[in-house]
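K.L.:
dropping the sequence and predicted coords here.
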Amino acid sequence: MGMLRIVEKGTNYNKEIDFPTFYMNDFSVLGVVVNTLDKAVTTLQDKGFILQQEKGSTWISFADKQQLDTILRELTAGQIQYTLSDLVSCTYQG
């Protein structure tokens, strides 16, 4: 079972994520970056997926790779652009 955070492209989502204060360059957090978060949430909930809200973040759980593939197909079917991205790469590492 896995969980991925869903965030909206172009927003300052990194302020909502509790990244460690200090971390190595190889630290990463995989997430789904969508063009419209509200539409993505509605689309996935309408298809029966359960999303969790936590500290301003949206999470989706999946049982296995097949279910993750289904989630991504539903985003595509709903005309929601997405990428699987490293959420840390957009965070200042100074």
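P.N.:
Arrived safely.

K.L.:
sec struct for residue 41, please.
P.N.:
State at residue 41, reduced to three classes by DSSP: H, G, I helix; E, B strand; the rest coil: helix.

K.L.:
can you point out the buried residues in the helix ranked longest in the chain?
P.N.:
Counting by DSSP state H, the longest helix found in the chain is helix 65-77. By 16 or more other C-beta atoms under 10 Å, the buried positions in helix 65-77 come out as 68, 71, 74-75. In short, each C-beta sits where N, CA and C put it, glycine included.

K.L.:
show me what the helix or strand just after it is packed up against.
P.N.:
As assigned by DSSP states H and E, the chain's next helix or strand after helix 65-77 is strand 82-86. Using 3 or more C-beta pairs under 8 Å, 6 or more residues apart in numbering; DSSP states H and E as the contact test, the elements touching strand 82-86 are strand 30-34, helix 65-77.

K.L.:
mind running it again at 6 Å?
P.N.:
strand 30-34 (3 or more C-beta pairs under 6 Å, 6 or more residues apart in numbering; DSSP states H and E).

K.L.:
quick one: pLDDT of residue 23?
P.N.:
pLDDT recorded at residue 23 is 63.

K.L.:
residue 88 now?
P.N.:
Residue 88 carries a pLDDT value of 77.
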